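Test case, fold it:
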Amino acid sequence: MRTPTRPARRVLAATVIAVGVTALSGCVESNRPAEDSAAGTECPFEADESVTSTVRIAYQNIPNGDLIVKDQRMLENCLPNANITWNKFDSGGDVIQAFGSNSADLGLIGSSPATKALSAPLNIPMKVIWIHDVIGKAESLVVRDESINDIKQLAGKTVAVAFSSTAHYSLLQALQDAGMDPAKDVSLVNLSPDKMPSAWEGGQIDAAWVWDPTLSELLKSGGHIVLSSEDTAKAGKPTYDLGAATTAFIDANPGFMTAWAKAQNAAVEQIHNQPDEAAVSIGAVMGISPDDVKSQFDGYEYLTAAEQAGPDYLGGKMAKDLQDTAGFLLAQGGITAVSPPQVYEGGVDAKPAEAAAQ
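The predicted model follows:
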């Protein structure tokens, strides 16, 4: 979704209410048979009955620890007196709109949407609190024409991407690095991943920068990969799937935030040490096989709480990465102004990761 201009900001709340209704109606539950349900999984750390938070979590179908936490009901088992609702969203742009309209408290967003949220004209009071994954080959530019093997050959073609997503940021970066003008040399179409396969089959798009499971679906339909987010990261523009929450929720619910980070860290450790079990849970939520999930793990890097709390990530460099992303987005017209450095520094909170690492 395009970043709203200042006049459009007045209707942001109404737009988000509609998005929120769509997300609520589109919730995806585990497709695991009832007898194999993970609902009875024990809390991986000491449960805390004192936490009574009410939280609305925005999740996306991306193969990382967040889906393990959801499927195995870690939060529900660890915080039995909390009121927890999971709502599915299709992109980080939708999630930050939900933050802006107070229809979500905590959720998964990419580093590009996070930057937009902390920049003008949105200026949403929220903080990055977790790194669900560092994006690599999992987000890629898939092309229909087998003769095209360089992004420059997409001149005059129609390319689909979810606007305001990390994929959108990587695509714009790749076009710029190739000396192309995204506004003139290609036709960019804003499509959510679930809409891309039908547009692909109908010949309405020539390429798409997207993530799994849509990426795999387009590859099976005759596409091939030309570039990936791993390539743009090597060019100095890394992208992440992040956990973020509104500042008001963080301040009012410190106990929940600590337990949430501990659950996320337990899920990361499960991916590292018990990938088969992790793949079953992720596949149950996404509706794909565990084998398909495991094949996607290589496209991401999953960091433990201790790694995240360090100076290379939440404990230091993340704020600079967001500020650098803002500079690029400003040049592309994605935001109207880069916020002062202290805004991005204040927009990153390493305390939940630090608590989970203890």
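
top strand in the chain by residue count?
Across the chain, the strand with the greatest residue count (assigned by DSSP state E) is strand 126-135.

what residues does the helix or strand following that strand touch?
Following strand 126-135 in sequence order, the next helix or strand is strand 139-143 (DSSP states H and E). Residues from elsewhere that reach strand 139-143 (CB atoms under 8 Å, 6 or more residues apart in numbering): 151, 154, 159, 166-167, 170-171, 174, 206-211, 215, 218-219, 223-229, 239, 299. No exception for glycine: its C-beta is placed from N, CA and C like everyone else's.

what pairs with strand 139-143, and is each one parallel or antiparallel?
Strand 139-143 pairs in its sheet with strand 207-211 (antiparallel), strand 224-228 (antiparallel), by DSSP bridges.

Could you say which one of these comes nearest to residue 43?
Ranking those by proximity to residue 43 (CB to CB) places strand 207-211 first, at 30.2 Å.

Tell me who's in contact with the residue located most distally from the centre of the chain.
Computed with CA atoms, centre = their mean, the residue of the chain farthest from its C-alpha average is residue 147, at 31.6 Å. The contact partners of residue 147, taken as CB under 8 Å, 6+ apart, are residue 153.

Tell me the spacing between it and residue 265.
From residue 147 over to residue 265 the distance is 46 Å, taken as CB to CB, to the nearest Å.

How about residue 341?
Noted for residue 341: a distance of 29 Å to residue 265, by CB to CB.

of these two, who's got more company?
When neighbours are counted by other CB atoms under 10 Å, residue 341 and residue 265 differ, and residue 265 comes out ahead with 25 against 13.

quick one: that one and residue 356 touch, right?
Yes - counting by CB atoms under 8 Å, a contact exists between residue 265 and residue 356, whose distance comes to 4.4 Å.

Give me the common contacts of these two.
Residues touching both residue 265 and residue 356 (CB under 8 Å, 6+ apart): residue 305.

How much space separates residue 64 from residue 267?
The spacing between residue 64 and residue 267, counted by CB to CB, is 8 Å.

cool, residue 75 as well?
Shown here: residue 75 relative to residue 267, a distance of 11 Å by CB to CB.

who touches both of the two?
Shared between the contact lists of residue 75 and residue 267 (criterion: CB under 8 Å, 6+ apart) are residues residue 69.

Could you check how many residues crowd around residue 152?
Applying other CB under 10 Å, we find 11 other residues in the vicinity of residue 152.

any idea how far it lies from residue 186?
If you go by CB to CB, the gap between residue 152 and residue 186 works out to 10 Å.

One more: residue 239?
In this view, residue 239 and residue 186 are 20 Å apart by CB to CB.

where does this protein have low pLDDT?
1-40 (pLDDT under 70).

Show me the domain layout of it.
The chain breaks down by automatic domain parsing into domains covering 7-135+239-357, 139-234.

Tell me where the stretch 51-200 of the chain has helices.
Per DSSP state H, counting those that start in this stretch, the stretch 51-200 of the chain carries helices over the ranges 65-71, 74-78, 92-100, 111-117, 166-177, 196-201.

Can I get the fourth one in CSV? Just the C-alpha atoms.
As requested, the backbone C-alpha atoms of helix 111-117 are provided in CSV (Å, rounded to 0.1, in the frame of the first residue of the first chain):
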residue,chain,number,x,y,z
SER,A,111,12.0,-3.0,8.1
SER,A,112,10.6,-0.8,5.3
PRO,A,113,7.1,-0.5,6.9
ALA,A,114,8.8,0.1,10.2
THR,A,115,10.8,2.9,8.8
LYS,A,116,7.7,4.4,7.2
ALA,A,117,5.8,4.2,10.5
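
what packs against it?
The helices and strands touching helix 111-117, judged by 3 or more CB pairs under 8 Å, 6 or more residues apart in numbering; DSSP states H and E, are helix 92-100, strand 126-135, helix 166-177, strand 240-246, helix 317-331.

just how off-centre is that helix within its chain?
Relative to the mean C-alpha coordinate of its chain, helix 111-117 is positioned 10 Å out (CA atoms, centre = their mean, to the nearest Å).

neighbour-wise, which of residue 239 and residue 186 wins?
Higher neighbour count among residue 239 and residue 186: residue 239, with 26 against 20, using other CB under 10 Å.
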